[in-house]
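Q: Need a 3D model of the following:
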Amino acid sequence: MVKSSVRAPEKFDPISLAVIWSRLVGIAEECWVTLWRTAFSSIIGDTQDIACELLDANGDSLAHSSRSMPAFNLCLPRVAREVLRTFHGQDELAEGDAIITNDPWMCAGHLPDLALLTPVLRKGKLVGFIGSIAHCSDIGGSWDAPKAHEVYEEGLQIPLVKLYDRGRVNNAIVTIIRKNVRNADQVIGDIHAQLSANRVGMNRLERLMDEYGLEDLVELAAAVQSRAEVAMRNAISEIPDGVYRNVVIANALGRRLTLPVQVAVAGEQITVDYEGAPDQVEPGGVNSTLSYTEAHTMYGLKCLLTPRILSNAGCYRPLSVNAPAGSVLNCNYPAPVSIRTYTGWLCEYAVIGALAPALPAKAQAHTGLATAFGSFGRDGARFFNDTFLMGGGQGSRAGHDGSGALIFPSSARTTSIEVFELRTSLLIDCKELIANSGGAGEYRGGLGERMRLKKLRDDGEPVRFSFIVPQLDVQTEGLFGGLHGHGAAIRLATAAGLTENDDLKGVAELREAGDSLVFETPGGSGFGSPKERDREALVQDVASGYVSEAEARELYGWTEALNSSAQELDAAPNQRSTTAS
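A: Predicted coordinates:
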């Protein structure tokens, strides 16, 4: 391996730098906790669809919370650089400013994600930014998002604008937001939570700079970013030069989209190219902006190459991402983008799968993507709109089975049943892991989950749903002989009958008591040949209900000699159930 020629400045001794670097991460973590605890909506306060980050005066990342949404961390620097262009560097920025936007082409790919940046000034000089992105519970627009032909139909667009100017609120912007969303108090409350988080970060950063006598962050930024860059370049240099290819398939509301990728490794640099990606599509909102495509691609490479290095701008300097303009991975304005997750989340697996032959010990098989749905309705006089997130089975990797019901590539967590029921007029009467849904392999893919929800009352108030169910009728093969996990499914049962999968077109209504929706998330793919699976692990799978005896025989080579071991496990106390509360 040839060591990188990049050199870190020696302004800070190693111990002091480690302490300060950890302090930066700690500040971002405190911002995150503030936003999480002061939010009004369940998508933030429960599901944690948020990110908080510290950036330098150039808009480059210094540190972020370890619990931040990964793609958001990579989108915030793009917003910060646009702030610098729009407001002419620091000329039009002042203490007390707070800039807001939800522009999908600048920010995180769809309108519900609001970015809020607070400039940090010291003696009148811009030294950095505190930034946050949070998923807004409602941004207006049609609840039937999959039918949108343009972004104009998907909700309120907020250009890059000062929400606060020198400490004074822009009441016109607040009024416009309030008039364009269904639950204004909840939305404005979440924005104030972002403001609070940013202010905490600004105060803590100023205190850190006072403590260490720093007039700016230039040398500190160079120190932490260069070290992260060196680590990434050294990791890349271990990969044999060449062009690595892969193809992933998306089911976009009944349309199969083939997404090819080529990953070119040359010395210490990687270039990812999605040449050949299909043209942007409508209706449906499955298009990904380049900002979102780039974020998920780079995050996949970060996970694969330097998972233990604290993330900042330096990690991504050796990486570049290209996608054809006007394609589903680099759509042109005003394409619909509301459910861009269908395609953007596949970028991690595209690049990880491409590099798997070169890095077999590090690669992870495909994880079953999460399912998300938004619910809209009334419970008496109270209007509700809440989002529920369910995880798929994690893909397995060398030495490790996949976990069940995991939301990846995301740091969000599955939504609490109790919180959701409290906030809506719905009952969830089933939530369980799905036996046999994980792909067979030497290391088994994680299980997907099944959930059934019902309308409680005949009150004349329909509950409407808009949802994302990726991987319908799509099989994602495992790695090195591992098999695919089972796909996703959705079923609507009403007095009129049963409607399933793509026939629902991403929307549903429950009108009468007892009407139900069933969601099934996909399982993760397997790693290695199923015939090589450890026999004791297979016995435990069968005893736990993760793998049926029939599948154990067919796919893993289960023999009668193993039955006695299985019976002993069945008789043991405290065996795990396939039902997850």
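Q: ok, residue 353 - contacts?
A: 246, 248, 363, 366, 479 (Cβ atoms under 8 Å, 6 or more residues apart in numbering). For the C-beta atoms, the positions are set from N, CA and C on the backbone; glycine is no exception.
Q: got any ranges where this structure has weak pLDDT?
A: Along the chain, the parts satisfying pLDDT under 70 run over 1-10, 560-581.
Q: Quick check: chain neighbours aside, which residue is closest to the residue nearest the centre of it?
A: Central residue check for the chain by Cα atoms, centre = their mean: the C-alpha nearest the mean position is that of residue 410, 3.1 Å away. Closest residue to residue 410 apart from its sequence neighbours, by Cβ to Cβ, 6 or more residues apart in numbering: residue 69 at 6.2 Å.
Q: how close does the one you found sit to residue 168?
A: The gap separating residue 69 from residue 168 is 30 Å, by Cβ to Cβ, to the nearest Å.
Q: Please say which of the two ends up with more neighbours.
A: For residue 69 versus residue 168, the count of surrounding residues by other Cβ atoms under 10 Å is larger for residue 69: 26 against 10.
Q: who's in contact with the more buried one?
A: 49, 50, 51, 133, 410, 411, 412.
Q: Just the buried ones from the residues you listed, in ChimeraX syntax?
A: To isolate the buried ones among the contacts of residue 69 in ChimeraX, judged by 16 or more other Cβ atoms under 10 Å, type:
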select :49,50,51,133,410,411,412
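Q: Filter the contacts of residue 69 down to the ones in strands?
A: Among the contacts of residue 69, the members falling in strands are 50, 51, 133 (criterion: DSSP state E).
Q: wait, the first one sits on residue 68?
A: Yes - here residue 50 reaches residue 68: they are 6.9 Å apart, a contact under Cβ atoms under 8 Å.
Q: Need the overlap of contacts for these two.
A: Contacts common to residue 50 and residue 68, judged by Cβ under 8 Å, 6+ apart, are residue 32.
Q: returning to what we had before: wait, the residue nearest to the centre of the chain touches residue 70, no?
A: Yes - if you go by Cβ under 8 Å, residue 410 and residue 70 touch, sitting 7.0 Å apart.
Q: what ranges do the helices span in the chain?
A: Taking DSSP state H to define them, one finds helices in the chain at 14-38, 42-45, 70-86, 171-179, 184-212, 218-237, 290-305, 341-344, 346-355, 417-423, 535-544, 549-556, 563-571.
Q: Among those, which comes closest to residue 388?
A: Across the helices of the chain, residue 388 has its closest neighbour in helix 417-423 (5.6 Å, Cβ to Cβ).
Q: helices or strands next to the closest one in the packing?
A: Applying 3 or more Cβ pairs under 8 Å, 6 or more residues apart in numbering; DSSP states H and E, we find helix 417-423 packed against helix 42-45, strand 382-390, strand 426-433.
Q: and with 6 Å instead?
A: Here helix 417-423 touches strand 382-390, going by 3 or more Cβ pairs under 6 Å, 6 or more residues apart in numbering; DSSP states H and E.
Q: Pull the number of nearby residues for residue 124.
A: Here the number of neighbours of residue 124 (other Cβ under 10 Å) works out to 8.
Q: Tell me the spacing between it and residue 215.
A: Following Cβ to Cβ, the distance that separates residue 124 from residue 215 is 12 Å.
Q: do the same with residue 400
A: The value you get for residue 400 to residue 215, if Cβ to Cβ is used, is 47 Å.
Q: likewise residue 357?
A: Counting by Cβ to Cβ, the gap from residue 357 to residue 215 is 49 Å.
Q: Who has more neighbours out of these two?
A: Taking neighbours as other Cβ under 10 Å, residue 357 and residue 215 compare with residue 357 leading, 14 against 11.
Q: Skipping its backbone neighbours, what lies nearest that one in space?
A: Spatially, and ignoring its direct neighbours in sequence, residue 357 is nearest to residue 244 (7.1 Å; Cβ to Cβ, 6+ apart).
Q: so what's the one you found bridging to?
A: residue 263 (DSSP bridges).
Q: you'd agree it is up against residue 261?
A: No - with contact defined as Cβ atoms under 6 Å, residue 244 does not reach residue 261; the gap is 8.7 Å.
Q: Overlap of the contact sets of those two?
A: Contact criterion Cβ atoms under 6 Å, 6 or more residues apart in numbering; residues shared by residue 244 and residue 261: residue 354.
Q: Looking at those two now, which is surrounded by more residues?
A: Comparing residue 244 with residue 261 by neighbour count (other Cβ under 10 Å), the higher total belongs to residue 261, at 26 against 21.
Q: any idea how far the more buried one is from residue 355?
A: Counting by Cβ to Cβ, the gap from residue 261 to residue 355 is 10 Å.
Q: try residue 363
A: Separation of residue 363 from residue 355 (Cβ to Cβ): 7 Å.
Q: that older thread, export the helices of the chain to CSV and tack on distance to residue 312?
A: Converted to CSV, the helices of the chain look like this (distance: least, Cβ to Cβ, whole Å):
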stretch, distance to residue 312
helix 14-38, 9
helix 42-45, 24
helix 70-86, 9
helix 171-179, 31
helix 184-212, 15
helix 218-237, 5
helix 290-305, 11
helix 341-344, 22
helix 346-355, 20
helix 417-423, 33
helix 535-544, 38
helix 549-556, 43
helix 563-571, 47
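Q: Figure out which of those is closest to residue 525.
A: Using Cβ to Cβ, the nearest of those to residue 525 is helix 346-355, at 9.2 Å.
Q: so how far is the closest one from its chain's centroid?
A: Relative to the centre of its chain, helix 346-355 is centred 15 Å away, using Cα atoms, centre = their mean, to the nearest Å.
Q: What of stretch 229-240?
A: That offset, for stretch 229-240, works out to 25 Å (Cα atoms, centre = their mean).
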